[in-house]
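*Asks:* quick one: sequence and predicted model below, then my questions.
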Amino acid sequence: MKKTLQAFLDVRRDELPLALLMFAYFFLVITTFWILKPLKKGLFIEFYDQGGFDLLGLAFSAPQAELLAKILNMVVAFAAVVVFTQLSHKLRRQQLTFVFAGFFITCCVLFSRWLITPGDLGIWSFYLFGDLYSTLMVATFFSFLNDSVTPDAAKRLYGLIGLGGVCGGVFGTSVVSANVSLLSDSAWLWVCSGITGLIAAVAWGAGRQVTPTETPMPSAAPAPRSGNAATEGARLVFSSRYLLSIVAIVGLYEVISTIIDFQFTFTVAHYLDGPEIGRHFALVFTITNWVSLFVQLFLTGFIMTRFGVAVALLVLPFVITMGSTAFLVFPLLWVGSMLSTADNGFSYSINQSAKEALYVPTSDAEKYRAKAFIDMFVQRFAKAIAVLISLGITFAVTDMSSLRYLSLVTLALLVVWIVAARYAGRQFANLEQSKD
């Protein structure tokens with residue numbers, strides 16, 4: 001029984017305290033994200049649902065205004081990169097967590113008063129704040145984690161630690177989001193403040209479990225010359241093929257995920273009507289969260305430990321390839337619905353764990369500053385591009401006969417994704433060997 005358990009969660013006794021603390025850290029961050037997401041989205045849509053939003057003489061509906069907010073997130077993310085990069089020169093691990101936790105606790109308290117009678121500025125600020133929380137806190141968590149373990153430990157521990165985020169998603173969607181109307185918006189923000197304070201406490205405990213290392217990791221890119229914080233991460237990324245392969249994985253996923261989400265939504269709207277649409281969405285999202293939990297619990301640690309990060313990186317593109325091929329041949333309701341499950345069920349479990357492990361055998365500058373540029377700016381930029389693509393798709397696709405052929409675009413992009421993932425996996429193995 002013990003050997004069977006170790007095949008899925010191979011954690012050594014001396015590693016268990018750090019693993020459990022980081023599990024709790026990730027769980028709390030994702031739970032808070034699922035409190036803020038329905039709050040910010042609900043307030044934004046409700047505020048502009050009746051009168052719409054006017055900009056430069058153009059009238060935008062509430063959903064269209066939200067697309068503008070998603071694009072504006074890219075600007076906020078760039079500012080976050082600059083701040084994160086500057087702070088990472090002097091602060092590491094739990095120290096960064098303390099700074100950002102203090103900032104977000106202060107913001108939650110201020111918004112709890114501001115949103116009692118919000119105006120345009122308050123609504124837009126809170127929407128951007130909600131995304132900024134997840135962007136900065138998740139980036140801070142993984143920078144802390146990647147700076148605290150060895151490549152070998154990452155393959156064994158990331159299954160368990162990543163499970164914390166998956167459980168946070170299941171808990172958030174099943175409990176918190178479902179009961180968000182039980183408390184006022186201000187009360188939920190006080191809850192977020194308390195949880196963020198708890199995150200800081202957990203980070204303090206995790207920091208005490210990390211043994212300071214004097215030997216730096218080998219660098220995947222030459223150290224950039226001195227420059228400003230706005231471009232340091234970008235220069236690190238563009239001087240390394242390894243980091244560029246991670247950029248390709250991140251960016252291509254955002255575009256492919258957008259196409260899949262459109263196919264899923266269009267398919268449901270085509271086959272179902274009225275309340276059946278909402279019930280079907282709820283059922284699919286529930287299935288997706290449980291699939292993600294199953295994958296993280298039984299597959300992530302097993303695959304990363306037994307077959308390595310290179311194989312784990314290929315699981316998500318392989319599953320999406322099968323799903324998109326099936327939808328191309330059989331554009332049916334549940335085939336289209338399982339596209340969403342294939343995407344999100346494997347993305348936030350094994351793919352995230354494998355992708356984050358890629359940063360472990362890199363230098364401190366790459367762990368903090370290059371990773372911040374990728375996670376905050378590149379990802380948001382890719383999301384903005386994906387939003388523009390989704391708008392174009394809405395005009396190009398008008399029926400199910402044309403919708404199925406979007407899978408050809410997905411399959412073409414998947415070829416590039418697989419090439420990038422194979423390269424990143426090989427380079428990870430090389431860096432791991434050089435560390436040993």
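*Replies:* Arrived safely. Numbers count the residues shown, from 1 in each chain.

*Asks:* tally of neighbours for Thr258?
*Replies:* By other Cβ atoms under 10 Å, 19 other residues sit near Thr258. Any C-beta I mention is one placed from the backbone N, CA and C, and that applies to glycine too.

*Asks:* that one contacts Val387, doesn't it?
*Replies:* Yes - applying Cβ atoms under 8 Å, one finds Thr258 in contact with Val387, separated by 7.3 Å.

*Asks:* quick check: closest non-adjacent residue to Phe60.
*Replies:* Phe53 (4.6 Å; Cβ to Cβ, 6 or more residues apart in numbering).

*Asks:* got the buried residues for the lengthiest helix in the chain?
*Replies:* Secondary structure of the chain per DSSP state H: the longest helix is helix 16-48. For helix 16-48, burial by neighbour count (16 or more other Cβ atoms under 10 Å) applies to 18-40, 43-45, 47-48.

*Asks:* from what I see, the residue nearest to Phe60 and Ala69 are in contact.
*Replies:* No - when contacts are counted by Cβ under 8 Å, Phe53 is not listed as touching Ala69 (9.6 Å).

*Asks:* which strands and helices lie in contact with the helix or strand following the longest helix of the chain?
*Replies:* Beyond helix 16-48 on the C-terminal side, the first helix or strand identified by DSSP states H and E is strand 53-55. Applying 3 or more Cβ pairs under 8 Å, 6 or more residues apart in numbering; DSSP states H and E, we find strand 53-55 packed against strand 58-60, helix 62-88.

*Asks:* turn these into TSV, including distance to Leu244 and mean neighbour count.
*Replies:* Below are the helices and strands packed on strand 53-55 laid out as TSV (distance: least, Cβ to Cβ, whole Å; neighbours: other Cβ atoms under 10 Å):
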stretch	distance to Leu244	mean neighbour count
strand 58-60	36	12
helix 62-88	17	18
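
*Asks:* my guess is Phe351 contacts Leu313. True?
*Replies:* Phe isn't right for residue 351; it's Asn. Yes - look at Asn351 against Leu313 with Cβ under 8 Å: they come within range, at 7.3 Å.

*Asks:* between these two, which is the more surrounded one?
*Replies:* Taking other Cβ under 10 Å, Asn351 and Leu313 do not tie; Leu313 has more neighbours (31 against 25).

*Asks:* the helices in the stretch 151-300 of the chain, which residues?
*Replies:* 151-171, 185-207, 229-238, 241-271, 275-295 (DSSP state H, counting those that start in this stretch).

*Asks:* CSV please, covering these and showing distance to Ile123 and mean pLDDT.
*Replies:* Compiled in CSV, these are given as follows (distance: least, Cβ to Cβ, whole Å; pLDDT from 0 to 100):
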stretch, distance to Ile123, mean pLDDT
helix 151-171, 26, 81
helix 185-207, 11, 92
helix 229-238, 28, 80
helix 241-271, 25, 87
helix 275-295, 25, 78
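
*Asks:* most tightly packed of those helices?
*Replies:* Mean neighbours per residue, mean count of other Cβ atoms under 10 Å, is largest over those for helix 151-171, with a mean of 24.

*Asks:* show me what that one packs onto, helices and strands only.
*Replies:* helix 16-48, helix 275-295, helix 301-306, helix 352-357, helix 406-435.

*Asks:* do you know which of those helices lies nearest Thr196?
*Replies:* helix 16-48 (6.6 Å; Cβ to Cβ).

*Asks:* so where's the stretch 301-436 of the chain shaky on pLDDT?
*Replies:* For the stretch 301-436 of the chain, the stretches with pLDDT under 70 are 390-391, 394-395, 397-398, 434-436.

*Asks:* what of the stretch 1-150 of the chain?
*Replies:* 1-11, 61-64, 67.

*Asks:* quick one: Trp353 and Leu299 touch, right?
*Replies:* Heads up, residue 353 is Ser, not Trp. No - in this structure, Ser353 is not within contact of Leu299 by Cβ under 8 Å, at 10.0 Å.

*Asks:* which one of the two has more residues nearby?
*Replies:* Ser353 (29 against 17).

*Asks:* contact partners for the nearest residue to Ala77 once chain neighbours are set aside?
*Replies:* In space, and not counting its chain neighbours, Ala77 is closest to Arg380: 3.9 Å by Cβ to Cβ, 6+ apart. Arg380 sits next to Asn73, Met74, Ala77, Phe78, Thr135 when contact means Cβ atoms under 8 Å, 6 or more residues apart in numbering.

*Asks:* and which of the residues you listed is nearest Leu182?
*Replies:* Out of those, the member with the shortest distance to Leu182 (by Cβ to Cβ) is Thr135, at 27.4 Å.

*Asks:* name the SS class of the closest one, please.
*Replies:* Assigned with DSSP: H, G, I helix; E, B strand; the rest coil, Thr135 falls in the helix class.

*Asks:* hang on, it packs against Ile374?
*Replies:* No - at 11.7 Å, Thr135 does not count as touching Ile374 under the criterion of Cβ under 8 Å.

*Asks:* higher neighbour count, those two?
*Replies:* Ile374 (27 against 23).

*Asks:* do I have it right that that one meets Ile246?
*Replies:* Yes - using Cβ under 8 Å, Ile374 is in contact with Ile246, at 6.1 Å.

*Asks:* return every residue with contacts to both of the two.
*Replies:* Common neighbours of Ile374 and Ile246 (criterion: Cβ under 8 Å, 6+ apart): none identified.

*Asks:* format the contacts of Arg380 as TSV; extra columns: distance to Trp417.
*Replies:* Converted to TSV, those look like this (distance: Cβ to Cβ, whole Å):
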residue	distance to Trp417
Asn73	23
Met74	22
Ala77	22
Phe78	25
Thr135	23
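
*Asks:* next, count neighbours for the nearest residue to Leu236 once chain neighbours are set aside.
*Replies:* Spatial nearest neighbour of Leu236, excluding adjacent residues (Cβ to Cβ, 6+ apart): Ala370 at 4.0 Å. Ala370 has 31 neighbouring residues, counting by other Cβ under 10 Å.

*Asks:* just the one 3 residues further on next, same as before
*Replies:* Here the neighbour count serves as a burial measure; for Phe373 (other Cβ under 10 Å) it reads 29.

*Asks:* do the same with the one 3 residues further on
*Replies:* Each residue near Met376 was counted by other Cβ under 10 Å, and the total is 28.

*Asks:* next: the one 5 residues further on.
*Replies:* Look at Phe381: counted by other Cβ under 10 Å, it has 18 neighbours.

*Asks:* that one touches Met74, doesn't it?
*Replies:* Yes - contact criterion Cβ under 8 Å: Phe381 and Met74 qualify, at 5.5 Å.

*Asks:* so which residue is smack in the middle of this structure?
*Replies:* Geometric centre of the chain, nearest residue: Tyr348, 7.0 Å, by Cα atoms, centre = their mean.

*Asks:* and it, how far is that from Asn179?
*Replies:* Look at Tyr348 and Asn179: by Cβ to Cβ, to the nearest Å, they are 22 Å apart.
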